[in-house]
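Chemist: Got a sequence here, can you build the structure:
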Amino acid sequence: MKNKMEKTNVMRILDQKKIPYEIRTYPHGDEAVDGIEVARLLEQDPKTVYKTLVAQGASRQYYVFDIPVDAELDLKKAAKAVGEKSVAMLHVKDLLPLTGYVRGGCSPIGMKKQFFTTFQVQAEELNRVAVSAGKIGCQVILDPKEIVKLVRGQFGDVIK
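Modeler: Got it, this is the predicted structure:
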(Lines give C-alpha, C1' and ligand atoms only; values in the text may rest on other atoms or scores of the structure.)
Protein backbone atom coordinates (compact mmCIF):
# COMPACT_ATOMS: atom_id res chain seq x y z
CA MET A 1 0.00 0.00 0.00
CA LYS A 2 1.23 3.45 -0.91
CA ASN A 3 2.21 5.76 1.92
CA LYS A 4 -0.65 8.25 2.25
CA MET A 5 0.75 11.74 2.40
CA GLU A 6 -1.09 14.77 3.68
CA LYS A 7 -2.04 16.93 0.70
CA THR A 8 -0.79 20.48 0.66
CA ASN A 9 -2.86 23.42 -0.55
CA VAL A 10 -0.77 23.33 -3.76
CA MET A 11 -1.79 19.70 -4.43
CA ARG A 12 -5.45 20.43 -3.67
CA ILE A 13 -5.44 23.33 -6.17
CA LEU A 14 -3.76 21.19 -8.86
CA ASP A 15 -6.25 18.37 -8.24
CA GLN A 16 -9.18 20.80 -8.41
CA LYS A 17 -7.92 22.23 -11.73
CA LYS A 18 -7.17 18.68 -12.99
CA ILE A 19 -3.52 19.57 -13.66
CA PRO A 20 -1.32 16.45 -13.61
CA TYR A 21 1.68 16.50 -11.27
CA GLU A 22 4.10 14.20 -9.52
CA ILE A 23 5.06 14.49 -5.83
CA ARG A 24 8.68 14.18 -4.72
CA THR A 25 9.85 14.39 -1.13
CA TYR A 26 13.31 14.82 0.33
CA PRO A 27 14.77 14.58 3.85
CA HIS A 28 15.10 17.88 5.73
CA GLY A 29 15.27 19.53 9.12
CA ASP A 30 13.25 22.56 10.19
CA GLU A 31 15.38 24.99 8.22
CA ALA A 32 15.09 25.81 4.53
CA VAL A 33 17.28 23.56 2.39
CA ASP A 34 19.52 25.11 -0.26
CA GLY A 35 17.91 24.68 -3.69
CA ILE A 36 20.94 23.01 -5.25
CA GLU A 37 20.92 20.52 -2.37
CA VAL A 38 17.19 19.89 -3.04
CA ALA A 39 18.00 19.15 -6.71
CA ARG A 40 20.75 16.75 -5.60
CA LEU A 41 18.45 15.00 -3.10
CA LEU A 42 15.77 14.65 -5.81
CA GLU A 43 18.45 13.52 -8.31
CA GLN A 44 17.36 16.26 -10.72
CA ASP A 45 19.15 18.78 -12.88
CA PRO A 46 19.24 22.13 -10.98
CA LYS A 47 18.05 23.77 -14.23
CA THR A 48 14.68 21.98 -13.78
CA VAL A 49 14.23 22.72 -10.05
CA TYR A 50 12.77 26.19 -9.50
CA LYS A 51 12.80 28.41 -6.43
CA THR A 52 10.03 30.93 -5.76
CA LEU A 53 11.13 34.42 -4.79
CA VAL A 54 8.92 37.33 -3.72
CA ALA A 55 9.82 40.96 -4.34
CA GLN A 56 8.16 44.33 -3.93
CA GLY A 57 8.17 46.95 -6.65
CA ALA A 58 8.65 50.72 -6.32
CA SER A 59 4.84 50.95 -6.67
CA ARG A 60 4.50 48.84 -3.45
CA GLN A 61 3.02 45.96 -5.52
CA TYR A 62 4.32 42.44 -4.83
CA TYR A 63 5.68 40.14 -7.51
CA VAL A 64 6.68 36.48 -7.64
CA PHE A 65 9.69 35.24 -9.62
CA ASP A 66 10.42 31.57 -10.26
CA ILE A 67 13.98 30.84 -11.31
CA PRO A 68 16.27 27.80 -11.46
CA VAL A 69 17.83 27.01 -8.06
CA ASP A 70 21.33 27.48 -9.49
CA ALA A 71 20.54 31.00 -10.78
CA GLU A 72 20.40 34.44 -9.18
CA LEU A 73 17.56 36.93 -9.67
CA ASP A 74 18.64 40.06 -11.54
CA LEU A 75 16.65 42.84 -9.85
CA LYS A 76 16.99 45.21 -12.83
CA LYS A 77 15.74 42.59 -15.32
CA ALA A 78 12.99 41.55 -12.87
CA ALA A 79 11.80 45.16 -12.54
CA LYS A 80 11.77 45.57 -16.32
CA ALA A 81 9.83 42.29 -16.77
CA VAL A 82 7.00 43.56 -14.53
CA GLY A 83 7.10 47.19 -15.67
CA GLU A 84 8.50 48.63 -12.42
CA LYS A 85 11.27 51.22 -11.91
CA SER A 86 12.83 48.86 -9.35
CA VAL A 87 12.09 45.78 -7.24
CA ALA A 88 13.55 44.70 -3.92
CA MET A 89 13.53 41.25 -2.34
CA LEU A 90 10.96 40.72 0.39
CA HIS A 91 12.36 40.31 3.91
CA VAL A 92 12.10 36.69 5.14
CA LYS A 93 10.06 37.84 8.19
CA ASP A 94 7.39 39.23 5.81
CA LEU A 95 7.11 36.06 3.71
CA LEU A 96 4.76 33.99 5.90
CA PRO A 97 2.25 36.79 6.69
CA LEU A 98 2.14 37.85 3.02
CA THR A 99 2.13 34.48 1.22
CA GLY A 100 1.19 31.89 3.83
CA TYR A 101 4.46 30.09 3.09
CA VAL A 102 7.77 29.77 4.97
CA ARG A 103 11.21 30.25 3.42
CA GLY A 104 12.14 27.02 1.64
CA GLY A 105 8.48 26.05 1.24
CA CYS A 106 7.26 28.95 -0.88
CA SER A 107 5.31 27.91 -3.98
CA PRO A 108 4.02 30.03 -6.87
CA ILE A 109 0.74 28.12 -6.46
CA GLY A 110 -1.72 28.76 -3.64
CA MET A 111 -0.39 31.90 -1.97
CA LYS A 112 -2.83 33.77 0.30
CA LYS A 113 -3.21 36.27 -2.55
CA GLN A 114 -2.18 35.66 -6.16
CA PHE A 115 0.64 38.01 -7.12
CA PHE A 116 1.84 38.57 -10.68
CA THR A 117 4.29 35.75 -11.38
CA THR A 118 7.19 35.58 -13.84
CA PHE A 119 8.91 32.28 -14.65
CA GLN A 120 12.44 32.42 -16.06
CA VAL A 121 12.04 32.13 -19.84
CA GLN A 122 14.04 28.85 -20.12
CA ALA A 123 11.18 27.09 -18.27
CA GLU A 124 9.04 27.55 -21.38
CA GLU A 125 11.30 25.05 -23.18
CA LEU A 126 10.95 22.42 -20.43
CA ASN A 127 8.20 19.80 -20.18
CA ARG A 128 8.52 19.53 -16.41
CA VAL A 129 9.89 21.61 -13.57
CA ALA A 130 9.89 21.03 -9.83
CA VAL A 131 8.50 23.74 -7.53
CA SER A 132 7.75 23.64 -3.84
CA ALA A 133 4.53 21.87 -2.90
CA GLY A 134 4.07 24.49 -0.18
CA LYS A 135 6.15 22.97 2.59
CA ILE A 136 9.81 22.20 3.16
CA GLY A 137 10.65 18.66 2.04
CA CYS A 138 8.02 18.34 -0.66
CA GLN A 139 8.08 19.30 -4.34
CA VAL A 140 5.55 18.99 -7.15
CA ILE A 141 6.78 18.30 -10.66
CA LEU A 142 4.65 19.50 -13.55
CA ASP A 143 4.54 21.36 -16.86
CA PRO A 144 5.70 24.98 -16.29
CA LYS A 145 3.25 26.20 -18.94
CA GLU A 146 0.43 24.82 -16.76
CA ILE A 147 1.75 26.75 -13.74
CA VAL A 148 2.03 30.01 -15.70
CA LYS A 149 -1.52 29.54 -17.04
CA LEU A 150 -2.83 28.70 -13.54
CA VAL A 151 -1.26 31.77 -11.87
CA ARG A 152 -1.98 33.97 -14.92
CA GLY A 153 1.73 34.78 -15.11
CA GLN A 154 4.31 35.17 -17.83
CA PHE A 155 7.71 33.94 -18.98
CA GLY A 156 10.53 36.47 -18.91
CA ASP A 157 14.30 36.85 -18.61
CA VAL A 158 14.92 37.73 -14.95
CA ILE A 159 18.24 36.06 -14.04
CA LYS A 160 21.85 37.25 -14.03
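Chemist: Provide a list of residues in contact with Val10.
Modeler: 107, 109-110, 132-134, 140 (Cβ atoms under 8 Å, 6 or more residues apart in numbering). Backbone N, C-alpha and C define where each C-beta goes, glycine included.
Chemist: okay, now Leu42: neighbour count?
Modeler: Per other Cβ atoms under 10 Å, the neighbour tally for Leu42 reads 17.
Chemist: on that earlier part again, same list, the contacts of Val10, but as TSV with neighbour count and distance to Gln56 please.
Modeler: Below are these laid out as TSV (neighbours: other Cβ atoms under 10 Å; distance: Cβ to Cβ, whole Å):
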residue	neighbour count	distance to Gln56
Ser107	27	19
Ile109	27	20
Gly110	20	20
Ser132	28	20
Ala133	26	25
Gly134	26	21
Val140	22	26
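Chemist: Keep only those of those that are in strands.
Modeler: Residues of those located in strands (DSSP state E): 132-134, 140.
Chemist: Show me what stretch 126-134 is in contact with.
Modeler: Applying Cβ under 8 Å, 6+ apart, the set of residues contacting stretch 126-134 from outside is 8-11, 22-24, 38-39, 42, 44, 48-52, 66, 101, 104-110, 123, 138-144, 147.
Chemist: quick one on the thing from earlier: could you identify the most distant pair in the ones in strands among the contacts of Val10?
Modeler: Gly134 and Val140 (8.5 Å; Cβ to Cβ).
Chemist: Show the subsequent helix or strand relative to the helix or strand of the chain with the lowest mean pLDDT.
Modeler: When the helices and strands of the chain are scored by mean pLDDT, DSSP states H and E, helix 35-41 comes last with a mean of 88. Along the chain past helix 35-41, the next helix or strand (assigned with DSSP states H and E) turns out to be strand 50-57.
Chemist: Neighbouring strands of that next one in the sheet, and parallel or not?
Modeler: Paired neighbours of strand 50-57 in the sheet (DSSP bridges): strand 62-68 (antiparallel), strand 87-89 (antiparallel).
Chemist: Now do the last one: everything it contacts.
Modeler: Spelled out, it's strand 87-89. Strand 87-89 has contacts (Cβ under 8 Å, 6+ apart) with 53-58, 63, 73, 75, 78-79.
Chemist: part of a helix, is Ala123?
Modeler: Yes: per DSSP: H, G, I helix; E, B strand; the rest coil, Ala123 lies within a helix segment.
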